[in-house]
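J.: missing the sequence, but the structure's below:
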Ligand SMILES: Nc1nc2c(c(=O)[nH]1)N[C@@H](CN(C=O)c1ccc(C(=O)N[C@@H](CCC(=O)O)C(=O)O)cc1)CN2
């Protein structure tokens, strides 16, 4: 990952001249493009672009450039984001009973593979659930939840997202369904790891569903969270072969490795401004 310079992502109805307009606007403020990727969604007449660029040292070029783009967005009907990539994003990781994805994300952060700050670790289980992990120095919040307390728990959760300046929420096997309201408020910035190759085996206990179905491949899916359970835009997936001799416990064991790598890839792509929403799907500008 390159955590220098700035990123610009944009999507809009396709038309000639978009790249020229973007390049001209960046150049006008001294922008120097060092990476550019684009995708034409011909079926829907949409254009997607991801640009990485630097700005001249000294003076404020970023604010005026943002103002320039606000005007261009109006003219071209752009949906766009622009970000200073030197500012590490703040990530809240949520988990329940199983901590393999939490542990993996913390490891990848520690070795620098995921350039992120942890804004909070949140669980509906108590801290001692994770006694095997080194959570020292990381803010841990135990937010227990029942059907009766769900509304209050989500109020506390949303308050925590704001108070900690969280940019991205990661559901690392957090086994609670977010309300429609909270899912909507976190739209495009909440990633879940589902332990099946969606759209197969949505909902709870997918490995047991897969075992009962007699599948020969299991998988994991990282997707943005929406109000429609496990229907959110898919970011990354992967699979492993299994056999008739595998028990549900074997599937759970083999699935852990798939879940870890799929979630880590999805988080890295998001942090690296590579993922763009395209209706119910995503565009992922891979490296
Ligand atoms: N609004 C959304 N919330 C969540 C999504 C989502 O796509 N939209 N993904 C789930 C993750 N998940 C599977 O990956 C999942 C988690 C939990 C359940 C479930 O039935 N939970 C029960 C409680 C279970 C328990 O207490 O052990 C419930 O919430 O009533 C199904 C699928 C995360 N949230």
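T.: Received, thanks. Every value quoted in this text rests on a predicted model; they were computed, and no experiment measured them.

J.: what residues sit buried inside the longest helix along the chain?
T.: In the chain, with assignment by DSSP state H, the single longest helix is helix 248-271. Of all the residues in helix 248-271, those buried under the rule 16 or more other Cβ atoms under 10 Å are 251-252, 255-256, 258-260, 262-271. C-betas here are computed from N, CA, C, even on glycine.

J.: return the helix or strand in the protein with minimum mean pLDDT.
T.: helix 62-76 (a mean of 93; mean pLDDT, DSSP states H and E).

J.: after it, which helix or strand is next? Please name it.
T.: Using DSSP states H and E, the helix or strand that follows helix 62-76 in sequence is strand 79-84.

J.: what packs against that following strand?
T.: On a contact count with 3 or more Cβ pairs under 8 Å, 6 or more residues apart in numbering; DSSP states H and E, strand 79-84 meets strand 6-13, helix 62-76.

J.: okay, those, which one's buried deepest?
T.: strand 6-13 (a mean of 20; mean count of other Cβ atoms under 10 Å).

J.: tell me which parts of the stretch 101-250 of the chain are close to the ligand?
T.: In this structure, the stretch 101-250 of the chain approaches the ligand at residues 171, 174-178, 183, 192, 194, 203-204, 225-227, 229-230, 232, judged by Cβ under 6 Å from any ligand atom.

J.: again, only using 8 Å
T.: 124, 145, 147, 171, 173-180, 182-183, 192-196, 202-204, 206, 223, 225-232 (Cβ under 8 Å from any ligand atom).

J.: which other helices and strands contact the longest helix of the chain?
T.: strand 89-95, helix 100-110, strand 168-171, strand 190-194, helix 206-213, strand 217-224, strand 234-241.

J.: ok, 7 Å please
T.: helix 100-110, strand 190-194, helix 206-213, strand 217-224, strand 234-241 (3 or more Cβ pairs under 7 Å, 6 or more residues apart in numbering; DSSP states H and E).

J.: can you redo the ones you listed as TSV with mean neighbour count and mean pLDDT?
T.: TSV is the format used below for the helices and strands packed on helix 248-271 (neighbours: other Cβ atoms under 10 Å; pLDDT from 0 to 100):
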stretch	mean neighbour count	mean pLDDT
helix 100-110	19	98
strand 190-194	25	98
helix 206-213	17	98
strand 217-224	24	98
strand 234-241	18	98
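
J.: make a markdown table from those and add distance to residue 166 to it.
T.: Listed next are these as a markdown table, based on distance: least, Cβ to Cβ, whole Å:
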| stretch | distance to residue 166 |
| --- | --- |
| helix 100-110 | 14 |
| strand 190-194 | 10 |
| helix 206-213 | 27 |
| strand 217-224 | 15 |
| strand 234-241 | 18 |
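
J.: contacting residues around residue 122?
T.: Counting by Cβ atoms under 7 Å, 6 or more residues apart in numbering, residue 122 makes contact with 92, 94, 141, 143, 157, 160.

J.: the helix or strand encompassing it: what's the following helix or strand?
T.: Assigned by DSSP H and E, residue 122 belongs to strand 116-123. Counting by DSSP H and E, the next helix or strand C-terminal to strand 116-123 is strand 140-142.

J.: mind listing residues that contact that next one?
T.: Strand 140-142 is contacted by residues 120-123, 126-127, 160 when judged by Cβ under 7 Å, 6+ apart.

J.: hmm, which of those residues are the buried ones?
T.: Restricting these to buried positions leaves 120-123, 160, with burial counted as 16+ other Cβ under 10 Å.

J.: nearest residue to residue 248 other than its sequence neighbours?
T.: residue 211 (4.7 Å; Cβ to Cβ, 6 or more residues apart in numbering).

J.: then residue 25?
T.: Closest residue in space to residue 25, ignoring its immediate chain neighbours: residue 68 at 5.2 Å, by Cβ to Cβ, 6+ apart.

J.: how far off strand 217-224 does the longest helix of the chain point, in degrees?
T.: Here the directions of helix 248-271 and strand 217-224 differ by 30 degrees (axes from the mean of the first three to the mean of the last three Cα atoms, to 10 degrees).

J.: now the element after helix 248-271, going C-ward?
T.: Toward the C-terminus, helix 248-271 is succeeded by strand 275-278 as the next helix or strand (DSSP H and E).

J.: show me how far that next one is from its chain's centre.
T.: Centroid separation for strand 275-278 versus its chain: 11 Å, with Cα atoms, centre = their mean, to the nearest Å.

J.: partner strands of that strand, parallel or antiparallel?
T.: For strand 275-278, sheet partners with direction are given as strand 281-284 (antiparallel), following DSSP bridges.
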